[in-house]
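A.B. asks: Any chance you can model this:
(one chain, ligands or ions: 1)
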Amino acid sequence: MRDLLDLYLPLCAGGEDGGWVVGHLGQSLDGCIATHLGESCFVTGPDNILHLHRMRALCDAVVVGAGTVASDDPRLTTRLVAGPSPVRVVLDPGGRLGDGYRLFRDDAAPTLLCTAAGKGGGRRHDRVERLELPADADGLRLHALVGALAERGLRRLFVEGGGVTVSRCLTAGVLSRLQLAVAPLIIGQGRPGVSLPRTERLADALRLTPRIFRMGVDVLYDLDLAAAADAGADLAASPAAQGTLLRVL
Ligand SMILES: NC(=O)c1ccc[n+]([C@@H]2O[C@H](COP(=O)([O-])OP(=O)(O)OC[C@H]3O[C@@H](n4cnc5c(N)ncnc54)[C@H](OP(=O)(O)O)[C@@H]3O)[C@@H](O)[C@H]2O)c1
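C.D. replies: Residues are numbered from 1 along each chain as shown. From the prediction side, this is the model:
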């Protein structure tokens, strides 16, 4: 129980503005999140899958890239824990995804389809809202995404994959935490997890201080990317944060 409080309680309280952006990937020992054909169910074990559902219950919106929707057809709901399902946010700059995917058709939670301004194509199901975002050579501008979601009251964002999306969020500096769940599995030349521009010197590499949590046979590295100091210091005193947490444990 102590571990669970350490892991989740800071998230219940939120960051300085009440929000956070957490990226998560479940990867093999050799850094892959799926086979080269895109099979990823499941890289990590049941404890980490339960963690994903808890994170969904604690966030306002879950963000995924078009590649994940195309490969997995995910629902992104909180089926394993109590608590509301988050708004589903799909980054599909060119509108390449068809209408048939489950999160465009079901009523489990609202879905926001983010496209580049002026792109995104034809008809969509009524329950899918379109959000047009500015784009540049690196794709959709992710600070604009975070701002647009905050304007809708969506401040706690869980970026659930895939590797391209989490890596772009990391590069753009919008993540406050990165969670990497490492499974004792070697996939071999699969889809990459975190992939950043090359650094010439090891001294320039992003070296982080992890908090480490065992999840069955997997190990979760919880990495604080925010400049601000630990937001969790006074959280044990917050009944609101504890109430939120008790729902999902
Ligand atoms: N193990 C895990 O934790 C995990 C989690 C999720 C998914 N997966 C697996 O990972 C694979 C998919 O991951 P992936 O890395 O290939 O793809 P992805 O990150 O799911 O999607 C990448 C695509 O999303 C769009 N996108 C994301 N960020 C964008 C930005 N800032 N601006 C513009 N477009 C953006 C782009 O679409 P366009 O190509 O249309 O430009 C991009 O190519 C699947 O095999 C899935 O099963 C594993």
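A.B. asks: Going by C-alpha atoms from here, please, whenever you check contacts or count neighbours.
C.D. replies: Will do.
A.B. asks: Can you tell me the SS state at L180?
C.D. replies: For L180, the reduced secondary structure class is strand; criterion used: DSSP: H, G, I helix; E, B strand; the rest coil.
A.B. asks: isn't it right up against L29?
C.D. replies: No. Under the criterion of C-alpha atoms under 8 Å, L180 is not in contact with L29, lying 10.9 Å apart.
A.B. asks: Now the residue nearest in space to the middle of the chain: which helix or strand?
C.D. replies: In the chain, the centroid-proximal residue (C-alpha atoms, centre = their mean) is V159; its distance is 1.7 Å. Using DSSP states H and E, the secondary-structure element containing V159 is strand 156-161.
A.B. asks: do the same with V81
C.D. replies: V81 belongs to no helix or strand when elements are defined using DSSP H and E.
A.B. asks: residue contacts, the nearest residue to it once chain neighbours are set aside?
C.D. replies: The spatial neighbour of V81 that comes closest, neighbours along the chain excluded (C-alpha to C-alpha, 6 or more residues apart in numbering), is V248 at 5.5 Å. Contacts for V248 were tallied using C-alpha atoms under 8 Å, 6 or more residues apart in numbering; they are 54, 57-58, 81-83.
A.B. asks: what does the protein put close to the ligand?
C.D. replies: Selection of the chain residues close to the ligand by C-alpha under 6 Å from any ligand atom yields 25-27, 33-34, 38-40, 43, 64-68, 71-72, 91-94, 96, 139-140, 142, 160-165, 168.
A.B. asks: show me where pLDDT drops low in the chain?
C.D. replies: When residues are selected by pLDDT under 70, those of the chain lie in 15, 120-125, 227-247, 249.
A.B. asks: Confirm for me that R54 is in contact with P84.
C.D. replies: No. Under the criterion of C-alpha under 8 Å, R54 makes no contact with P84, lying 10.2 Å away.
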